[in-house]
Structure formats: C-alpha cells, structure tokens
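> Just need the structure, nothing else, for what follows:
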Amino acid sequence: MKKTQLGVMFGSRSCEHEVSIISAVQMMKHVDADTYDTIPVYISQEGIWYTGEPLKDIETYVPQFNVKIPGIIPVQPDVSARSGALLSYERKGLRKISSRSIAARLDCVIPIFHGLHGEDGSMQGLLELMDLPYASTGIAGSAIAMDKILMKQCFRSFGFPVLRDVALVRSDWRRDAVEVIKAVEQKLGYPVFVKPANLGSSIGVSRADDFQSLSDALELAFCYDRRVMVEEAVNRPIEVNCAVLGYDRDVRVSVVEMPITGGSLLGFSDKYLNAGGSKGMASLSRVVPAPIGEAMTARVQELSLDIFRALDCKGVVRVDFMIDSMTDNLTITEINAIPGSLSFYLWAKSEPRLSYKELIDLMVKSAFDAYAEKNENDIAHRSDILKSAKLGGGKGHKGAKG
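Below you'll find the predicted structure:
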C-alpha cells in the first residue's frame, strides 16, 4: 500500500518559534513509519522554507538552526491547486535559476505552528489555496482563537462564560498612558492580568496589582503587540484544561487536567523551561484527572465541545478554563488551535486511551474528512456577467457589479 506523504510544518516568524520546533520534533518521533513518509517542512525565523531528514533531530536547532548540515534543502511551495509540491531550485548566479526539481510532494499536512504566521489562519489560508488536506482548525477559527480580543467577543456572542476585560491599542497608550490606566482602573479595578492580543505560551503576560505594576505590564505587552487585553483576575483561581479531537460531529473530548503553577500565573518558564524544554508541555507538572468533581468535570468537557463546534475546529485543540475557588464560577481563558505537544499527554490518560500514533492517525483522518466534504461544495457555478461586461471609461457598465 502506498504510504501517505505527511508534511509536518513548523517554525515560522513567531515569538513561539522554538516552542513549535519542540512540539514538531516530538510529534515526528511518533509517526507510524509503515503508514506515512514523514516530510518535515521547517520555516526559519527569517521566513525561509526547508525540508530534509536532519530537520527531525532536535540537535539541528541547538544552539541555533544549522542550515549547512548535509541533507537540508531550501524549498518553496507550489501553490497551484492540488500540486502539493515542494520545489527546490539550483541557482546560477544571484538571479538566474539553472534548474528546478520537486524535493517532495505532500498528500496531507499537520501544521504544528504556535503563534503568528502559522497558528493564526495565515498558513491555513495558504493550505486552502494549495488545496491540501490539513489537520488544524480552518482560517476563521484559527484567526479568532489567536486573537484574544476577538475570541472573547465571539465567545460572548455564543453565550459562553468569560471574564470582564478592556481592549487597548498602542497608539492610545503612547498618546496618554495615564488616561489608559485610569480607564482600566475604573472598569476593572485590581488585580488584573495584561495580555498581548496575539501571543501564546504566556509570553508578555503579567499580573498587575496597582498603578505602577499596571504601567509596567502594559509597557511590556505593547512591546509584543499593538493590541492588548486587560482582564480581571480570579480570586484564588484553579486552572483546568481540556482537549477536543476530530472534525464536525466525529469528535471526542479528553480527560480534564489541572496544571501545577507554583504561583498565580502559569508562565512561559513554567511551561517550557522549568518543565524541561525539550519535552514541551508534556513534561509540565499536572494532576490528571483534575480533582474538581464529576459535575464540574462534565461542565468543562461540555463547554469544550461547544467551543470546538462553534469555531468549526478540526484536528486537536485545547481549551483552558479558570475556576474561582471561592464561588465555583467557571470561565473560559482561551482556546489553543494548535496546542503544545498536541495535548497527547491528555489523550494518553483519557478513555479510550490513545497512543501518540493513534492520535496522529485520527488527526490525519480529520484532515481528509474535512477535505472530502469541502469537495462536495459546488464551485462550478457560471454566470453571464462577463458576456455583457465592457471595459473602458464609459458609464453604466451593466452587469459589471453584482
């Protein structure tokens, strides 16, 4: 049986570049070699695309990416529909191309980007243009999940429980920082959390308890994004997470976990440094299943499924929640369209238990199922508009606009 040519895309121009590498290398070690030929597709921080076997080894990126390792090939995607080709060029001089060849041809893609230029809908848009099956949430859902401000507005429209917040822009901050802080104080008070709108892995996130710490937190957040969200803090919060896997109605929900933060904020160092950098989110300390009772567990799982369907997700996502330990009030923190380590550590402890190989199989299935359903859509509609259209400066081009 012919193997599926499985592209694993990762890296890209993002603050979470290294996190993406860790997740991708980890995943590629578990692909079933009897079913798939794994084709790594690494995008450097400069935006250059590469493929080649050495990209499966973490040592290729330590202490920094070594493009000179034999077997690493710079490539460009052929964006022609259904081509799936990664094109390699040999240059003769600076501008002339002497030859072009196909370095690889992809049947399906698992994107493992974290952050901008990959998880935010941009790569999903490219894969749609290439007409390739891919195992992640689509353009709209990915964009909403990436943008914390839009995400919360969307969740409110669905009636999902979220915390109060204030959305800010860098231009207002630069014009009058004191006025911005006073507006936050008036609406939310203290304490609050300050978050860049389009970043994950807790990068640029800070807690503020007074005027000065809020000023410092906003200054930091605006270094990472022109839009920032300030969110009210939860009293004695309990963090819990839940993953969802599949596509459309063929979905399953994972066991609920409780990360061990060691403090009031689960930061980048907790997730990827203190936890063991080469293992990513999989090595973070956690309690599984979360000791929150059957009723709350069911509520978390139900809300996770509702969010998955509301954003028309596919593949694997993880939804993060906060429980106010004083009131038992449950609110949604965020949805991760491509979670760290693909949340495989949750599926390994869910019922039925999934191995990492089985998780990959189900992700690929979701990609092909969504692709097959998309191909049922009619895109062959024809109109007579062009027959009556006229070019030129005359007025009244009837039929030129619909």
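
> Residue 42 in helix, strand or coil?
strand (DSSP: H, G, I helix; E, B strand; the rest coil).

> what do you get for residue 350?
coil.

> which SSE is residue 30 in?
Here residue 30, judged by DSSP states H and E, is contained in no helix and no strand.

> Which residues lie in contact with it in this structure?
Residue 30 makes contacts with 344, 355-357, 360, as judged by Cβ atoms under 8 Å, 6 or more residues apart in numbering. To be clear about C-beta, it is placed using only N, CA and C from the backbone, and glycine gets the same treatment.

> Now the buried members of the residues you listed.
Neighbour-count burial (16 or more other Cβ atoms under 10 Å) applied to these gives 344, 356-357, 360.

> that older thread, among the contacts of residue 30, find me the one that's closest to residue 179.
Closest to residue 179 out of the contacts of residue 30 is residue 344 (46.5 Å), distances taken as Cβ to Cβ.

> The closest one - nearest residue in space that isn't next to it in sequence?
Leaving aside its sequence neighbours, residue 344 sits nearest to residue 356 (Cβ to Cβ, 6 or more residues apart in numbering; 4.9 Å).

> Quick check: phi and psi at the one you found.
Backbone torsions of residue 356, given as degrees, to the nearest 10, read phi -60, psi -40.

> any idea how far residue 323 lies from residue 301?
14 Å (Cβ to Cβ, to the nearest Å).

> out of these two, which sits in the busier spot?
residue 323 (22 against 18; other Cβ atoms under 10 Å).

> mind listing what's buried in the helix or strand encompassing the more buried one?
Counting by DSSP H and E, the element that carries residue 323 is strand 314-324. Neighbour counts over strand 314-324 (16+ other Cβ under 10 Å) mark 314-323 as buried.

> got these as CSV, with pLDDT columns?
Below are the buried residues of strand 314-324 laid out as CSV (pLDDT from 0 to 100):
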residue, pLDDT
314, 98
315, 98
316, 98
317, 98
318, 98
319, 98
320, 97
321, 97
322, 96
323, 96
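
> just those now: which is nearest residue 146?
Comparing the buried residues of strand 314-324 against residue 146 with Cβ to Cβ places residue 317 closest, at 12.0 Å.

> Just give the number of residues close to the closest residue to residue 363 other than its chain neighbours.
Spatial nearest neighbour of residue 363, chain neighbours left out: residue 135 (4.0 Å); criterion: Cβ to Cβ, 6+ apart. The local packing of residue 135 (other Cβ under 10 Å) involves 25 other residues.

> Give the residue spans of the stretch 101-250 of the chain that score low on pLDDT.
200-201 (pLDDT under 70).

> Okay, helices next: where are they in it?
For the stretch 101-250 of the chain, the helices defined by DSSP state H, counting those that start in this stretch cover 122-130, 139-146, 148-158, 170-175, 177-187, 211-224.

> next one: the shortest one to chain centre, how far?
When you say that, I think you mean helix 170-175. With Cα atoms, centre = their mean, to the nearest Å as the basis, helix 170-175 stands 28 Å off its chain's centre.

> List the buried residues for that helix?
residue 173.

> That one packs against which elements?
helix 177-187, helix 211-224, strand 227-232 (3 or more Cβ pairs under 8 Å, 6 or more residues apart in numbering; DSSP states H and E).

> can you list the residues that contact the first one?
Okay, so that is helix 177-187. So helix 177-187 is in contact with 164, 166, 168, 172-173, 192, 211, 214-215, 218, 230, going by Cβ under 8 Å, 6+ apart.

> before we move on, back to that, and the angle from the strand holding residue 323 to strand 227-232?
Angle, strand 314-324 to strand 227-232, by axes from the mean of the first three to the mean of the last three Cα atoms, to 10 degrees: 40 degrees.

> same for strand 314-324, what does it pack against?
strand 237-247, helix 294-310, strand 330-336, helix 356-374.

> Could you point out which of the ones you listed sits nearest residue 38?
Ranking the helices and strands packed on strand 314-324 by proximity to residue 38 (Cβ to Cβ) places helix 356-374 first, at 9.6 Å.

> Need the CA coordinates for that closest one. PDB is fine.
The C-alpha trace of helix 356-374 is given here as PDB (Å, rounded to 0.1, in the frame of the first residue of the first chain):
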ATOM      1  CA  TYR A 356       0.600   9.100  20.000                       C
ATOM      2  CA  LYS A 357       0.500   7.100  16.800                       C
ATOM      3  CA  GLU A 358      -3.300   6.700  17.100                       C
ATOM      4  CA  LEU A 359      -3.600  10.400  17.800                       C
ATOM      5  CA  ILE A 360      -1.800  11.200  14.600                       C
ATOM      6  CA  ASP A 361      -4.000   8.700  12.600                       C
ATOM      7  CA  LEU A 362      -7.100  10.500  13.900                       C
ATOM      8  CA  MET A 363      -5.700  13.900  13.100                       C
ATOM      9  CA  VAL A 364      -5.000  12.800   9.500                       C
ATOM     10  CA  LYS A 365      -8.500  11.300   9.300                       C
ATOM     11  CA  SER A 366     -10.000  14.700  10.300                       C
ATOM     12  CA  ALA A 367      -7.900  16.400   7.600                       C
ATOM     13  CA  PHE A 368      -9.100  14.000   4.900                       C
ATOM     14  CA  ASP A 369     -12.700  14.000   6.100                       C
ATOM     15  CA  ALA A 370     -12.900  17.800   6.000                       C
ATOM     16  CA  TYR A 371     -11.200  17.900   2.600                       C
ATOM     17  CA  ALA A 372     -13.700  15.300   1.200                       C
ATOM     18  CA  GLU A 373     -16.600  17.400   2.500                       C
ATOM     19  CA  LYS A 374     -15.200  20.600   1.100                       C
END
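
> That's all I had, so thanks and see you.
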